[in-house]
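S.K.: Structure for the following, please:
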Amino acid sequence: MPQCCRWCLRRRFPRLKISFKTIHASKGLEADHVILLNADSGRMGFPSEIVDDPLLSLVSPKEEAFQNAEERRVMYVAMTRARHTLTILASNARPSSFVTELRNDPAYGISTAPGAEPEAHVCGECGGRLLGVTGQDDRIWYRCEHVQHCGNLLPACPSCGTALPRRAEGTSEVRCGCGASYPTCPDCEDGWLVERSGSFGKFLGCVRYPTCTGKAKISGGDRPTITKSRRRTRA
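M.R.: Sure thing, here's the model as predicted:
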């Protein structure tokens, strides 16, 4: 967490105490509320999917009954540090196998924050979640959770300024919960077209520009004439 954010939180909540620890360093300690970060799958995930060297099996103890037994014990340590609430932050596209097990086990009650949307917005580029953030311009933007690998960034609905328009099935529109609708971008899954001005006059361009260069001509009719442009490929 940036130092400025911690300072703002402490100013607003003077009795708030925030500490950052590894799971091993937190063993034996407790806190009212615990947030477990990066509970994702993958080679460097938790549990790690890196395959052990076969030579290790010759000197290691007999394999345990439960898969990822050692990391399960570490996960148990992390989960039992909380007195009141435990929040686990995981990727929507590649959550940890531990997170999947917890979500599927009825013994664990999954709570939702008041006012939270029942389903996450899925990134059309990589399958991750689109998270709402406030930009430096004080506008709301929706950014892919995999910001290190995916550059998908969408503005909130121009009409309401808060919600995210999504593609309406069976139509050539994206629609917002506030009732506004926009033409879909011909070149990407998540974008929509808005009016822009160029050297040759006004046209419709994708809200994801310059990442996406999808565009359409403004015709005299009620709906724009979509003209396919060359899709930019990722390196």
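S.K.: Could you pull out the helices in this protein for me?
M.R.: Along the chain, the segments classed as helices by DSSP state H run 3-12, 56-59, 69-79, 97-104.
S.K.: out of those, nearest to residue 151?
M.R.: Shortest separation from residue 151 across those is recorded for helix 3-12, at 23.1 Å, computed as C-beta to C-beta. For every residue, glycine as well, the C-beta is placed using N, CA and C.
S.K.: average pLDDT for that closest one?
M.R.: In this model, helix 3-12 has a mean pLDDT of 70.
S.K.: again, but for stretch 201-215
M.R.: Mean predicted confidence for stretch 201-215 is 92.
S.K.: got the CA positions of it in CSV?
M.R.: The C-alpha coordinates for stretch 201-215 follow below in CSV (Å, rounded to 0.1, in the frame of the first residue of the first chain):
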residue,chain,number,x,y,z
GLY,A,201,-14.2,15.4,-39.3
LYS,A,202,-16.2,13.5,-36.8
PHE,A,203,-16.3,9.7,-36.5
LEU,A,204,-17.0,7.0,-33.9
GLY,A,205,-14.0,5.5,-32.1
CYS,A,206,-13.5,2.9,-29.4
VAL,A,207,-13.3,4.1,-25.8
ARG,A,208,-10.2,1.8,-25.4
TYR,A,209,-8.2,3.9,-27.9
PRO,A,210,-5.2,3.8,-28.3
THR,A,211,-5.1,0.1,-27.2
CYS,A,212,-8.0,-0.6,-29.6
THR,A,213,-8.4,1.3,-32.9
GLY,A,214,-11.9,0.1,-33.7
LYS,A,215,-13.9,2.8,-35.4
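S.K.: which of the residues in that stretch are buried?
M.R.: By neighbour count, with 16 or more other C-beta atoms under 10 Å as the criterion, the buried positions of stretch 201-215 are 203, 204, 205, 206, 207, 208, 211, 212, 213, 214, 215.
S.K.: ditto for stretch 183-190
M.R.: Within stretch 183-190, the residues that qualify as buried by neighbour count (16+ other C-beta under 10 Å) are 183, 184, 185, 186, 187, 188, 190.
S.K.: any idea which of these is closest to residue 167?
M.R.: Of all the buried residues of stretch 183-190, the one sitting nearest residue 167 is residue 184; the distance, using C-beta to C-beta, is 5.9 Å.
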